[in-house]
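S.K.: Sequence below, structure please.
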Amino acid sequence: MSNPPPSPSDFFETRSQVFEGYLDYFRSRIVDKVSQLSALQQRTSRLASGWTPVELIKHLTYVELRWLEWGFEGRDVGDPWGDRRDDHWFVDESESLAALVAAFDERAERSRHIIEQHELTEIGQPGPRWDGGDPPTLERILFHLLGEYARHLGHLDIVCEFFDDSHGQ
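M.R.: Residues are numbered from 1 along each chain as shown. Prediction:
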């Protein structure tokens, strides 16, 4: 069951906790929505771009890896683009929803650790993520992640409507 959305009147001790609260909410909504689809619907695209709901979960796992661990912390993560094949999101048939969600949850936990270990004003490490540009602050990265999650949850709402007329619930 998904977390309730944070309210503007909810109390958080730090701005980092605000970011974490919203990220947790978006993550939980995405997992709930994909889990409520049939196995066939989870792996079927209803969009011209061709992505499937399970591919979205894997993509968001790698989004957090790219922005926080590879980008902000500047760590070697192997293949930061492991969610893609031939420039499209990709999930192998052998990858189960349970395994994808477990990896997503593990990435969320790693992201929480990174957020809690750094100040929002801290500037990321230089590295290949930034293509030679100046790295942003952690706050700017988290703001970007919230936008990406909100956008993709909206996309998933539309996909679910195509499947079952759920109207974004």
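S.K.: Any regions of the protein where pLDDT drops low?
M.R.: Low-confidence segments of the chain, defined by pLDDT under 70: 1-2, 165-169.
S.K.: Can you tell me which residue sits nearest the middle of it?
M.R.: residue 60 (3.1 Å; Cα atoms, centre = their mean).
S.K.: for it, what are its contacts?
M.R.: Shown in contact with residue 60 (Cβ atoms under 8 Å, 6 or more residues apart in numbering): 27, 30, 104, 148-149, 152. Bear in mind the C-beta positions are built from the backbone N, C-alpha and C, glycine included.
S.K.: Same check on residue 102?
M.R.: So residue 102 contacts nothing (Cβ under 8 Å, 6+ apart).
S.K.: Kindly provide the distance from it to residue 108.
M.R.: 11 Å (Cβ to Cβ, to the nearest Å).
S.K.: so what's in contact with those two at the same time?
M.R.: With Cβ under 8 Å, 6+ apart, residue 102 and residue 108 have no common neighbours.
S.K.: thinking again about what came up before, am I right that the residue nearest to the centre of the chain sits in a helix?
M.R.: Yes - per DSSP: H, G, I helix; E, B strand; the rest coil, residue 60 lies within a helix segment.
S.K.: about what we covered before: looking at the contacts of residue 60, which are in helices?
M.R.: With helices taken from DSSP state H, the overlap with the contacts of residue 60 comprises 27, 30, 104, 148-149, 152.
S.K.: What is the nearest of the residues you listed to residue 20?
M.R.: residue 27 (10.3 Å; Cβ to Cβ).
S.K.: Look at that closest one and say how many residues are nearby.
M.R.: As a burial measure, residue 27 scores 24 neighbours (other Cβ atoms under 10 Å).
S.K.: can you check residue 97 too?
M.R.: 18.
S.K.: can you check residue 156 too?
M.R.: 20.
S.K.: And for residue 16?
M.R.: 18.
S.K.: Also residue 106?
M.R.: Residue 106 has 11 nearby residues by other Cβ under 10 Å.
S.K.: Over to residue 87?
M.R.: 7.
S.K.: Please name the residues that touch the closest residue to residue 4 other than its chain neighbours.
M.R.: Leaving aside its sequence neighbours, residue 4 sits nearest to residue 25 (Cβ to Cβ, 6 or more residues apart in numbering; 7.3 Å). Residues near residue 25 by Cβ under 8 Å, 6+ apart: 2-6.
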